[in-house]
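A.B. asks: This is a predicted model, with the sequence first.
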Amino acid sequence: MKAEGLLVVGNDHPRVEAEKKARGDCQYTNDISLPNMLHGKILRSPYAHAIVKRVNTEKARRLPGVKAIITCEDVADRFLLRIPGVHFTKKTRLQDSHALEREVRYVGDRVAAVAATSPEIAEEALELIEVEYEELPAVFDPIEAMDEGAPLVHKTVMIGNELVELKSNVFGHTSMAIGDVDEGFREADLVVENEFRTGHPHNVPLGRPTCICKPVGGGGLEVWSTTQGIHSLRWCLADSLGIPLSKIKVNRMPLGGAFGYYLYLHFNDPICAILALKTGSPIKIEGTREECFIEGGRHPAIIRLKTGVKKDGTITAMDMRFIDSQGAYASGSSIVRLACGFFISMYRCPHRRFEGFSVYTNTR
């Protein structure tokens, strides 16, 4: 029924992009081609944990069509900002990654990048790069990673504006209690203890991660990227590269699905930007489907839940221990505070206790 005198309520409003998508006329980032555009590819580590001792790019540089190669020696030793937020404080904003790494921390981590006149030449150049690794002990299970003496995934990270030395793989710890949980269990007629483990499902957006960076006058950039937030991407690139925010323009592009996958800065984006500034040419990095799976996905979690109930179904006490298997890098901060908020707020129970840990492992 049409609402009289109202423009929105009760009226049909077709999606502005619906017709273009239905006709196949919608232009995605993958469809864009700029004059004199080069193509970038990323060399990835075959080891879960290793030091990059030496990178020999001599053969790759001689390949016709190769215009630039960068390694960790060519990029600033500057932590990436992967997701901005006004809610971050000096105690919560976490930065632990660089555009290219001297110490690789999972299979698929970033070692070097190539810009060439075609994707095929860039791929061929990757095969010509010689890398000497010093393999290090790795840890894959979050429970083992929490043990004293477990191999450290990170030795230092940036928290707020301070460089912090880590003593363990636990980088986020949140605890909260309401009421008297022990008393709540004494009041219960039945106490049930369960352990739940979640997997690592991936968002799998149809549109693969793609970034195009075009250098503009004065050391600036114009960017086309698969992102869910043009302003957050602009903020992250400016902070990560040390470029004034005013010198970066990010164009809004349609997405072929996202489901949260494009909320934060993907590693392709700063690498693409660095190559563009180095070569003075537009650079396009289009991730493969395999590379799509290297980043993103929900964190595997281990949840131990103890619940006390009365015979009439009343919940008297709940006690949760939540372990978040973060992987090798955090996208911005620990998620255990989010899990704590959900747990504490969703149940009618007078006695609740939560303890959560975010844990680094040598996984994606």
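C.D. replies: Okay, I see it.
A.B. asks: Let's see the distance spanning stretch 78-93 from one end to the other.
C.D. replies: 15 Å (C-alpha to C-alpha, to the nearest Å).
A.B. asks: same thing with stretch 250-259?
C.D. replies: One end of stretch 250-259 sits 20 Å from the other (C-alpha to C-alpha).
A.B. asks: got the buried residues for that stretch?
C.D. replies: For stretch 250-259, a neighbour-count test (16 or more other C-beta atoms under 10 Å) marks 250, 253, 255-256, 258 as buried. From N, CA and C alone the C-beta is placed, and that goes for glycine too.
A.B. asks: What are the contacting residues of that stretch?
C.D. replies: Applying C-beta atoms under 8 Å, 6 or more residues apart in numbering, the contact partners of stretch 250-259 are 17, 21, 26-29, 203-208, 222-228, 230-231, 233-234, 237, 262.
A.B. asks: beta partners for residue 159?
C.D. replies: Here residue 159 sits in beta bridges with residue 94, residue 162, as judged by DSSP bridges.
A.B. asks: measure it to residue 265 for me?
C.D. replies: From residue 159 over to residue 265 the distance is 18 Å, taken as C-beta to C-beta, to the nearest Å.
A.B. asks: now swap in residue 355 and tell me
C.D. replies: Applying C-beta to C-beta to residue 355 and residue 265 gives a distance of 30 Å.
A.B. asks: If you count surrounding residues, which of those two has more?
C.D. replies: residue 265 (26 against 17; other C-beta atoms under 10 Å).
A.B. asks: Go ahead and confirm that one touches residue 79.
C.D. replies: No: between residue 265 and residue 79 there is no contact, the gap being 11.6 Å when judged by C-beta atoms under 8 Å.
A.B. asks: what residues do those two have in common as contacts?
C.D. replies: Between them, residue 265 and residue 79 share the contacting residues residue 240, judged by C-beta under 8 Å, 6+ apart.
A.B. asks: so what does the helix or strand hosting residue 115 touch, helix or strand wise?
C.D. replies: Assigned by DSSP states H and E, residue 115 belongs to strand 110-116. Other helices and strands packing on strand 110-116, by 3 or more C-beta pairs under 8 Å, 6 or more residues apart in numbering; DSSP states H and E, are strand 38-44, strand 50-56, strand 66-71, helix 119-128, helix 268-279.
A.B. asks: mind listing the strands in the stretch 151-300 of the chain by residue range?
C.D. replies: 156-159, 162-165, 170-178, 190-197, 210-216, 220-225, 248-251, 283-286 (DSSP state E, counting those that start in this stretch).
A.B. asks: ok, now which ones touch residue 44?
C.D. replies: Residues in contact with residue 44 (C-beta under 8 Å, 6+ apart) are 107-111, 294.
A.B. asks: nope, residue 199 is what I was after
C.D. replies: Residue 199 neighbours (C-beta under 8 Å, 6+ apart): residue 300.
A.B. asks: quick one on the thing from earlier: the strand holding residue 115 pairs with which strands, parallel or anti?
C.D. replies: strand 38-44 (antiparallel), strand 66-71 (antiparallel).
A.B. asks: Quick one: work out the angle between the longest strand along the chain and strand 190-197.
C.D. replies: For the chain, the longest strand by residue count, based on DSSP state E, is strand 315-327. Between strand 315-327 and strand 190-197, the angle comes out at 10 degrees (axes from the mean of the first three to the mean of the last three C-alpha atoms, to 10 degrees).
A.B. asks: If you count neighbours, what's buried in whatever helix or strand comes next after strand 315-327?
C.D. replies: Where DSSP H and E defines the elements, the next helix or strand beyond strand 315-327 is helix 336-345. Of all the residues in helix 336-345, those buried under the rule 16+ other C-beta under 10 Å are 336-337, 339-340, 343-344.
A.B. asks: Flag the least confident of those.
C.D. replies: Lowest in pLDDT among these is residue 337, which has 84.
A.B. asks: Correct me if wrong: it contacts residue 174.
C.D. replies: Yes: at 5.1 Å, residue 337 and residue 174 qualify as touching, with contact defined as C-beta under 8 Å.
A.B. asks: intersection of neighbour lists for these two?
C.D. replies: Residues touching both residue 337 and residue 174 (C-beta under 8 Å, 6+ apart) are residue 356.
A.B. asks: before we move on, the earlier item: please work out the average pLDDT along the strand holding residue 115.
C.D. replies: The average of the pLDDT scores along strand 110-116 is 98.
A.B. asks: what about that strand, distance to the chain center?
C.D. replies: Relative to the chain's own centre, strand 110-116 is displaced by 19 Å; criterion: C-alpha atoms, centre = their mean, to the nearest Å.
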